[in-house]
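Peer 1: test case, fold it:
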Amino acid sequence: MASRPRGNRAQRTDSTESTDSTESPDGTGSTPRSQRAARSRRAHRTHRTLLAVLVTASVAVPVSGAARPAAVPAPAPAPAALAPLRDLAPAALDTRYAVNRAGIRAAERMAAGHGDHVRAAALRVMADPARHFLSFDGRDGGRTAEVFGDLARAGRIAVLVPGSDTGLDHYARFGAGAAALRREMGTGAAVVAWLGYRAPATVSPAVLTAGRADEAAPGLRSFVAGLAAAAPAARVSLLCHSYGSVVCARAAPGLPVADLVLYGSPGTGVDRAAALRTGATIWAGRGSADRIAGVPHGRLRLPFVTIGFGRDPVSEAFGARIFDAGGSAHSGYLRPGSVSLRNMARIATGAMDTGGTATGGTPAGSSRAGTPTREAGRA
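Peer 2: Here you go, the predicted model:
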């Protein structure tokens with residue numbers, strides 16, 4: 001009686017070993033054991049990716065909540081009702097600028113009365129008569145579109161779309177970058193700093209998905225289309241930083257722009273430039289000191305959400321034209337005197353040929369050392 005269980009175990013073991021070592025019926029040599037091992041490796045990779053995402057989210061949620069535990073957004077008045085942007089004549093623009101300046105001052109007074117002195121101080125600077133806002137809404141973190149340069153006479157217009165952590169409280173950095181780009185583009189150019197969406201915080205679950213970009217894309221598409229229609233002779237380019245590149249990708253199909261520039265991008269939500277369905281020349285650049293290079297480029301589809309933004313825009317497989325972004329860190333692309341600023345200004349003014357070279361003969365190079373600029377054609 002005692003020997004029978006041992007015999008059964010031996011038989012089961014022998015049977016298993018025989019099955020694992022038998023060649024598959026299709027003659028490929030693949031065995032059930034190797035198939036199980038392959039499935040195990042794939043499952044391990046998936047679980048590892050999911051774990052990384054969950055760890056990020058578990059850290060992001062409490063940290064973002066703890067950053068301002070008692071913060072209550074300052075109230076702001078509803079914006080003035082303005083007609084869509086159709087007229088860029090100086091008188092029409094001056095009227096629009098004055099209306100939005102009054103709205104900024106009203107929001108400043110309300111923020112000060114609420115005790116939000118950081119917001120009030122930022123708005124006080126923005127209300128300077130030398131500043132020119134096409135639109136302003138101080139609610140829900142703030143929405144603005146500010147002009148740098150003479151928009152009425154500009155033959156070259158660059159629209160800047162910011163990434164995460166951009167709002168009224170931290171607007172100065174975004175505005176300074178737009179001003180630097182306008183100076184680098186030279187006379188006859190204007191820059192519009194478009195903060196038309198609720199940008200996610202860098203440390204938050206929202207920055208891992210395209211939800212905010214989906215919300216923002218219709219407004220960006222409408223704004224750029226209106227601007228291009230109001231200035232039909234101008235060359236309009238769209239420059240998109242970090243999470244802003246996801247916003248621009250969602251708005252890209254059919255957008256009337258000459259260039260679409262992705263810089264410091266975590267991905268766009270598509271794996272090839274051609275999938276953006278735009279006639280614009282698509283450019284991508286990343287500085288050698290940009291931490292975004294360490295972000296995994298892929299997508300994880302979960303039942304109710306997709307996390308991640310797909311292929312790296314500076315990869316050869318993506319198919320964008322690469323411009324040299326020098327040694328820029330993630331927040332330094334528009335720093336005065338930087339290689340990245342100089343080359344983005346050349347793109348926006350049409351001074352960079354489609355091979356990634358300045359028309360004056362200076363090579364634009366590559367954002368990765370030792371890699372030549374690629375000829376990728378229009379997407």
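Peer 1: now stretch 250-270: buried residues?
Peer 2: Residues of stretch 250-270 classed as buried by neighbour count (16 or more other C-beta atoms under 10 Å): 250-252, 255, 257-270. Glycine gets a C-beta too; all of them are placed from N, C-alpha and C.
Peer 1: can you give me the end-to-end distance of that stretch?
Peer 2: Terminal residues of stretch 250-270 are spaced 10 Å apart (C-alpha to C-alpha, to the nearest Å).
Peer 1: show me how far stretch 215-230 is from its chain's centre.
Peer 2: Relative to the centre of its chain, stretch 215-230 is centred 16 Å away, using C-alpha atoms, centre = their mean, to the nearest Å.
Peer 1: and that stretch, what's buried?
Peer 2: 216-217, 219-221, 223-225, 227-228, 230.
Peer 1: repeat that for stretch 77-94.
Peer 2: 79, 85, 88, 93.
Peer 1: name the element the last one belongs to?
Peer 2: Assigned by DSSP states H and E, Leu93 falls within helix 90-114.
Peer 1: now the strands for the stretch 151-300 of the chain?
Peer 2: For the stretch 151-300 of the chain, applying DSSP state E, counting those that start in this stretch gives strands covering 156-161, 189-195, 235-241, 259-263, 281-285, 300-301.
Peer 1: reformat those as CSV; add distance to Thr209.
Peer 2: Output for the strands of the stretch 151-300 of the chain, formatted as CSV (distance: least, C-beta to C-beta, whole Å):
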stretch, distance to Thr209
strand 156-161, 18
strand 189-195, 20
strand 235-241, 17
strand 259-263, 18
strand 281-285, 21
strand 300-301, 10
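Peer 1: can you flag the weakest of those by average pLDDT?
Peer 2: The stretch with the lowest mean pLDDT among the strands of the stretch 151-300 of the chain is strand 300-301, at a mean of 88.
Peer 1: for it, packing partners?
Peer 2: Here strand 300-301 touches helix 32-67, going by 3 or more C-beta pairs under 8 Å, 6 or more residues apart in numbering; DSSP states H and E.
Peer 1: and Thr349, how many residues sit next to it?
Peer 2: Per other C-beta atoms under 10 Å, the neighbour tally for Thr349 reads 20.
Peer 1: please give me every residue in contact with it.
Peer 2: Contact analysis of Thr349 by C-beta atoms under 8 Å, 6 or more residues apart in numbering lists 156, 185-186, 189, 235.
Peer 1: wait, Val207 sits on Arg198?
Peer 2: No - counting by C-beta atoms under 8 Å, Val207 sits too far from Arg198 to count as a contact (11.8 Å).
Peer 1: so between those two, which is more surrounded?
Peer 2: Comparing Val207 with Arg198 by other C-beta under 10 Å, the one with more neighbours is Val207, at 22 against 15.
Peer 1: circling back to that earlier point, what distance separates the following helix or strand past the helix holding Leu93 from the middle of the whole chain?
Peer 2: For helix 90-114, the following helix or strand on the C-terminal side (DSSP H and E) is helix 117-126. How far helix 117-126 lies from its chain's middle: 26 Å, per C-alpha atoms, centre = their mean.
Peer 1: for stretch 247-267, same thing?
Peer 2: 9 Å.
Peer 1: for it, measure first residue to last.
Peer 2: Termini of stretch 247-267 sit 11 Å apart (C-alpha to C-alpha).
Peer 1: next one: stretch 296-308
Peer 2: 8 Å.
Peer 1: please apply the same query to stretch 143-159.
Peer 2: For stretch 143-159, the end-to-end distance is 15 Å (C-alpha to C-alpha).
Peer 1: that stretch: which residues count as buried?
Peer 2: By neighbour count on 16+ other C-beta under 10 Å, the buried set for stretch 143-159 is 143-152, 154, 156-159.
Peer 1: which of the residues you listed sits closest to Leu168?
Peer 2: Distances from Leu168 to the buried residues of stretch 143-159, taken as C-beta to C-beta, are shortest for Thr144 (7.5 Å).
Peer 1: any regions of the chain where pLDDT drops low?
Peer 2: 1-71, 354-379 (pLDDT under 70).
Peer 1: make a PyMOL selection of whichever of the contacts of Thr349 turn out to be buried.
Peer 2: If you want just the buried ones from these in PyMOL, going by 16+ other C-beta under 10 Å, the selection is:
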select buried, resi 156+185+189+235
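Peer 1: quick check: angle from the helix holding Leu93 to helix 117-126?
Peer 2: Between helix 90-114 and helix 117-126, the angle comes out at 160 degrees (axes from the mean of the first three to the mean of the last three C-alpha atoms, to 10 degrees).
Peer 1: re earlier: could the contacts of Thr349 be laid out in TSV, adding distance to His297?
Peer 2: Formatted as TSV, the contacts of Thr349 follow (distance: C-beta to C-beta, whole Å):
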residue	distance to His297
Arg156	32
Met185	31
Gly186	35
Ala189	33
Arg235	31
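Peer 1: from the contacts of Thr349, which two are the most distant?
Peer 2: The two members of the contacts of Thr349 with the most space between them (C-beta to C-beta) are Gly186 and Arg235, at 13.1 Å.
Peer 1: related to what we said a few turns ago, among the buried residues of stretch 250-270, which are in helices?
Peer 2: Of the buried residues of stretch 250-270, the ones assigned to helices by DSSP state H are 250-251.
Peer 1: okay then, goodbye and thanks.
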